[in-house]
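*Asks:* Make a model of this:
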Amino acid sequence: MEEPMRDGVAAQRERLMEGLRIYGGHYAELSRRFAAWLGLHSTDATAVLEIAAAEERGTLLSPARLSERISLSTGATTALLNRLEAAGHITRTREHSDRRVVSLRSGAHIQERADEFFGPLARRLDTAMSPYPPDLLAQFESFMADLNSTVDTYLAERITATRSPDALGGRPQ
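*Replies:* Numbering: from 1, shown residues only. Coordinates of the predicted model:
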């Protein structure tokens with residue numbers, strides 16, 4: 001009796017992971033379409049969205065944190081920020097008591113354009129989630145936090161491993 005139950009749980013986990021992969025693909029496609037709609041390269045649009053989302057949460061990004069979030073080198077991030085700033089899509093400010101700390105803010109038009117593009121979808125997603133009770137959504141939040149933490153840890157380990165040829169038997173991967 002235990003074996004069929006375990007197989008059922010394994011199949012359910014596979015279906016959940018497949019659903020998450022599909023959602024990830026949809027998110028990537030939405031990002032590409034948003035970039036095209038703005039007339040930006042997809043990496044530039046991703047950066048703008050990260051900056052705007054952080055600003056909306058009240059946790060401004062620094063260039064270094066943005067670099068981590070979008071997986072670019074610091075040099076590539078600097079070039080990207082120079083392009084975005086020159087186009088008026090972002091500003092760099094020094095709002096912190098430590099004047100060396102640079103904060104990134106999106107241009108006012110970016111939030112308006114993001115709301116215009118993503119607003120209808122956000123309303124549909126809210127409607128899709130509305131039948132689920134708050135306790136189930138809280139469980140799902142916890143589930144997603146656990147998955148994200150697991151992937152973050154794995155990625156950090158892979159970065160460390162690729163920087164240490166000895167850890168991989170002399171072969172970077």
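
*Asks:* make it CA atoms for all contacts and neighbour counts henceforth
*Replies:* Noted.

*Asks:* So Ile110 sits against Ala87, correct?
*Replies:* No. Ile110 is beyond contact range of Ala87, at 11.3 Å (criterion: CA atoms under 8 Å).

*Asks:* Comparing these two, which residue is more hemmed in?
*Replies:* Neighbour comparison, Ile110 and Ala87: the larger count goes to Ile110, with 20 against 11 (by other CA atoms under 10 Å).

*Asks:* Show the pLDDT at that one.
*Replies:* Ile110 carries a pLDDT value of 90.

*Asks:* roughly how far apart are Gly25 and Val151?
*Replies:* Distance, Gly25 to Val151, by CA to CA, to the nearest Å: 17 Å.

*Asks:* After the strand or helix carrying Gly8, which helix or strand is next?
*Replies:* Secondary structure from DSSP states H and E places Gly8 in helix 2-38. Where DSSP H and E defines the elements, the next helix or strand beyond helix 2-38 is helix 42-57.

*Asks:* Tell me the buried residues in the following helix or strand past that following helix?
*Replies:* Note on helix 42-57: by DSSP H and E, the next helix or strand toward the C-terminus is helix 63-70. Under the neighbour-count criterion of 16 or more other CA atoms under 10 Å, helix 63-70 has 63, 66-67 buried.

*Asks:* Packing partners of the helix holding Gly8?
*Replies:* Applying 3 or more CA pairs under 8 Å, 6 or more residues apart in numbering; DSSP states H and E, we find helix 2-38 packed against helix 42-57.

*Asks:* about what we covered before: would you mind checking which of the buried residues of helix 63-70 is nearest to Leu136?
*Replies:* Nearest to Leu136 among these is Leu66, at 31.8 Å by CA to CA.

*Asks:* Identify the residues contacting that closest one.
*Replies:* Contacts for Leu66 (CA atoms under 8 Å, 6 or more residues apart in numbering) come out as 47, 50-51, 77.

*Asks:* picking up where we left off before, how far off centre is the helix holding Gly8?
*Replies:* On the basis of CA atoms, centre = their mean, to the nearest Å, helix 2-38 sits 15 Å off its chain's mean C-alpha point.

*Asks:* now that helix against helix 42-57, angle please.
*Replies:* Between helix 2-38 and helix 42-57, the angle comes out at 100 degrees (axes from the mean of the first three to the mean of the last three CA atoms, to 10 degrees).

*Asks:* what about helix 2-38, average pLDDT?
*Replies:* Rounded mean pLDDT across helix 2-38 is 89.
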